[in-house]
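Enquirer: prediction below, plus the sequence it came from.
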Amino acid sequence: MIGQEFYFAQRSPYFKGYAKQDTTFKDFFSDKQTALQGIMNNPAKEASRSGPSISYGGIPIAKIKLPAATAKKNNEVLSNLYKPIYIQHSSYSGEAVTPYSALENKTFTVTGWEILKEDENLCQTQVTLKDADGETVQWKIYGRRESGIAVFTKGYLEKLKQTWVNKPVYFIEESFAPSSFYNPLDKQTLNYAQGSKWQCTELTFLFDESFFGKLHLILRNDAQQEIAVQIDDRGSLDKQLSLFYIWSEEKYLAVKQKEKAAQEAALAKEESDKKQQQKDIKAYRESMIRQFGTANGNIIADGKVKMGMNQNMCEAAWGYPSDRIKTQVGAHVIETWFYYPAGSWLKFQDGKLVQIKE
């Protein structure tokens with residue numbers, strides 16, 4: 001992780017919940033001695049928000065601006081920007097912490113990564129971070145998840161930009177695609193048109209009543225309509241679109257190419273089956289002609305019968321009967337073949353066809 005750059009997400013100004021708005025970094029260690037005298041009895045105060053924001057369709061958006069990782073030329077005196085505040089828990093206890101508000105909307109480079117303790121239940125890690133001006137702050141991470149903190153690696157943000165921004169985007173064409181979705185930019189529910197084409201114009205954070213801003217792609221179509229797509233495959237309770245419901249142009253073209261290949265394969269199989277069927281019909285007709293002569297063979301090959309045909313010919317033309325009844329009438333043998341469920345039948349006298357009911 002050394003050399004990675006961490007971006008600390010900005011908190012939402014519209015957060016509504018029971019948690020404190022300003023969370024903290026505990027177990028602060030400075031690169032210089034930090035005096036806590038004189039602030040023991042002062043209440044902790046939230047630092048002022050930092051980072052630019054604009055109004056976007058009535059919703060403030062924190063632009064992702066990643067400052068260049070360049071330190072001050074003169075490092076002799078550092079301002080100790082991340083100096084902790086002291087929180088008094090009781091008459092006998094308190095702790096020095098760094099408020100999250102001092103870190104949000106800023107980028108830090110990881111200069112140290114040390115695992116202090118690791119077992120099957122706990123992994124305790126100490127991370128040293130340095131900002132663009134050379135100021136450092138250390139962060140102890142307890143366990144697998146750190147609540148009240150939202151951190152993105154710069155590499156992840158850059159990969160999202162390279163994948164989506166300034167590139168065509170398509171709504172997926174799948175049976176599970178939604179019929180409509182909620183657009184947080186205009187607070188409207190819009191129809192979901194499968195296969196529709198959009199242009200991704202930016203990657204940004206949108207704020208709602210959640211604790212932190214949420215990463216979104218902003219998409220625009222030819223009608224200049226803009227929508228927001230959340231960078232979260234799990235979607236959201238208000239039915240916003242997520243990455244699960246859009247395709248990159250590369251994915252879209254791959255799907256279309258696969259569909260085209262499948263259609264071509266289906267047409268080729270249909271043509272092959274048709275040719276095989278014609279071949280089989282021809283072979284069957286030639287076989288009937290060899291067995292029963294040209295005239296009768298052609299009739300049988302067409303699935304037809306005529307008066308005077310024998311039982312072998314009729315069976316070749318109509319197939320084996322569902323039932324047959326044989327009776328003796330004087331000196332003649334009368335046999336009737338029944339075909340279900342069509343209700344057709346053939347009557348033979350002494351082995352020759354004498355009556356047809358189609």
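Expert: Great, that's in hand.
Enquirer: how many neighbours does the residue nearest to Gln126 when sequence neighbours are not counted have?
Expert: In space, and not counting its chain neighbours, Gln126 is closest to Glu114: 4.8 Å by C-beta to C-beta, 6 or more residues apart in numbering. Just so you know, the C-beta spots here come from the backbone N, C-alpha and C atoms, and that holds for glycine as well. Applying other C-beta atoms under 10 Å, we find 11 residues neighbouring Glu114.
Enquirer: where does Val255 land in three-state SS?
Expert: What DSSP: H, G, I helix; E, B strand; the rest coil gives for Val255 is helix.
Enquirer: show me how this structure divides into domains.
Expert: 5-152, 160-252, 307-358 (automatic domain parsing).
Enquirer: which of those domains has the lowest mean pLDDT?
Expert: Mean pLDDT is lowest for domain 5-152 among the domains of the chain, at a mean of 61.
Enquirer: and it, how far apart are its ends?
Expert: 8 Å (C-alpha to C-alpha, to the nearest Å).
Enquirer: does Arg324 count as helix, strand or coil?
Expert: strand.
Enquirer: and for it, nearest residue in space, chain neighbours not counted?
Expert: Trp337 (5.1 Å).
Enquirer: so what's the nearest residue to Asn183 once chain neighbours are set aside up against?
Expert: Leaving out its chain neighbours, the residue that sits closest to Asn183 by C-beta to C-beta, 6+ apart is Ile227, at 4.7 Å. Residues near Ile227 by C-beta atoms under 8 Å, 6 or more residues apart in numbering: 181, 183, 185, 190, 198, 218-219, 241.
Enquirer: rerun at 7 Å
Expert: 183, 185, 190, 219 (C-beta atoms under 7 Å, 6 or more residues apart in numbering).
Enquirer: and Tyr14, by the same measure?
Expert: With C-beta under 7 Å, 6+ apart, Tyr14 has these contacts: 207-209.
Enquirer: would you verify that it is located in a strand?
Expert: No: counting by three-state DSSP, Tyr14 is not found in a strand; it is coil.
Enquirer: and it, how far from Ser210?
Expert: Using C-beta to C-beta, to the nearest Å, Tyr14 is found at 8 Å from Ser210.
Enquirer: ditto for Tyr142
Expert: 23 Å.
Enquirer: how close does Ala102 sit to Val137?
Expert: The value you get for Ala102 to Val137, if C-beta to C-beta is used, is 8 Å.
Enquirer: and what of Pro184?
Expert: In this view, Pro184 and Val137 are 33 Å apart by C-beta to C-beta.
Enquirer: sorry, back to before: host element of the residue nearest to Asn183?
Expert: Using DSSP states H and E, Ile227 sits within strand 226-230.
Enquirer: note down every partner strand of that strand and its orientation.
Expert: strand 214-220 (antiparallel), strand 241-242 (parallel) (DSSP bridges).
Enquirer: now those strands as TSV including distance to Lys347 and mean neighbour count?
Expert: Output for the strands paired with strand 226-230, formatted as TSV (distance: least, C-beta to C-beta, whole Å; neighbours: other C-beta atoms under 10 Å):
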stretch	distance to Lys347	mean neighbour count
strand 214-220	75	21
strand 241-242	71	21
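Enquirer: I'd like these as a markdown table, with distance to Gln263 appended.
Expert: Shown next, in a markdown table, are these (distance: least, C-beta to C-beta, whole Å):
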| stretch | distance to Gln263 |
| --- | --- |
| strand 214-220 | 29 |
| strand 241-242 | 29 |
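Enquirer: please, where are all the helices along the protein?
Expert: 154-164, 249-292, 294-301, 311-318 (DSSP state H).
Enquirer: the last one to helix 294-301, inter-axis angle?
Expert: Calculated by axes from the mean of the first three to the mean of the last three C-alpha atoms, to 10 degrees, helix 311-318 forms an angle of 50 degrees with helix 294-301.
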